[in-house]
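# Sequence and predicted structure are below.
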Amino acid sequence: MDAIDIKILNCLKTNSRQNASAISEQINLSVSAVIERIRKMESNGIIKQYTVVLNSAQTGNDMSAFISVSIEHPKYHQNFMDKVTGMPNIRECYHITGEFDYLLKLEAGSTAQLELVLNSVKSIDGVSHTHTLVVLSTVKNEISGMPLLMQNLKGFK
């Protein structure tokens, strides 16, 4: 990867639906070169997918929370992961180090829905302790990978 690839990624990060022609105008590179570079980043796994970022408030899920979860024994980890991946309100699940084993990010439309999700998580076999933090506001929500990538390649212009 080089500085041109970073410029292409920044264009796609802003709007992944823009075509190669629009990107080529922004970064002063031929359309065919932009297409080739995008294809190469896709085939190398740098670009994993193109997606839509939803406005949670507009979809009725304007309440976010983080739930830290402790599992009492490693034999329960697979069951926990299976249950959590099937819960639609759980948006992200991380296996972490420290006092807790997992960190869940969830979205809900109300405190009642949050309570239902929390009770569902607590009732999973092996869950020994949870700690819930309700998000009051989001200060920053950066798309994964780009800030670090930019920092690692800061010598490129």
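Looks like it arrived, so ask away.
# so who does the closest residue to Ser16 other than its chain neighbours touch?
Among residues not flanking Ser16 along the chain, Tyr50 sits closest, at 4.4 Å (CB to CB, 6 or more residues apart in numbering). Any C-beta I mention is one placed from the backbone N, CA and C, and that applies to glycine too. Tyr50 makes contact with 12, 16-17, according to CB atoms under 8 Å, 6 or more residues apart in numbering.
# Likewise for Val34?
Val34 makes contact with 8, 20, 23-24, 27, according to CB under 8 Å, 6+ apart.
# Repeat the analysis, applying 7 Å as the threshold.
8, 20, 23-24 (CB atoms under 7 Å, 6 or more residues apart in numbering).
# is it possible to export those to a markdown table including pLDDT and neighbour count?
Converted to a markdown table, those look like this (pLDDT from 0 to 100; neighbours: other CB atoms under 10 Å):
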| residue | pLDDT | neighbour count |
| --- | --- | --- |
| Ile8 | 93 | 23 |
| Ala20 | 94 | 19 |
| Ile23 | 95 | 22 |
| Ser24 | 95 | 18 |
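# what's the spacing between stretch 38-45 and its chain's center?
Here stretch 38-45 is found 20 Å from its chain centre; the criterion is CA atoms, centre = their mean, to the nearest Å.
# Restricting the selection to alpha carbons, write that stretch to PDB.
Presented in PDB, the C-alpha positions along stretch 38-45 are these (Å, rounded to 0.1, in the frame of the first residue of the first chain):
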ATOM      1  CA  ILE A  38      -9.400  -1.100  -5.700                       C
ATOM      2  CA  ARG A  39      -9.500  -4.700  -7.100                       C
ATOM      3  CA  LYS A  40      -6.000  -5.400  -5.700                       C
ATOM      4  CA  MET A  41      -7.100  -4.100  -2.200                       C
ATOM      5  CA  GLU A  42     -10.200  -6.300  -2.400                       C
ATOM      6  CA  SER A  43      -8.300  -9.400  -3.400                       C
ATOM      7  CA  ASN A  44      -5.600  -8.800  -0.800                       C
ATOM      8  CA  GLY A  45      -8.300  -8.500   1.900                       C
END
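# Same question for it: list its buried residues.
For stretch 38-45, burial by neighbour count (16 or more other CB atoms under 10 Å) applies to 38, 41.
# hmm, back to that, report the buried members of the contacts of Tyr50.
Among the contacts of Tyr50, those classed as buried by 16+ other CB under 10 Å are Leu12.
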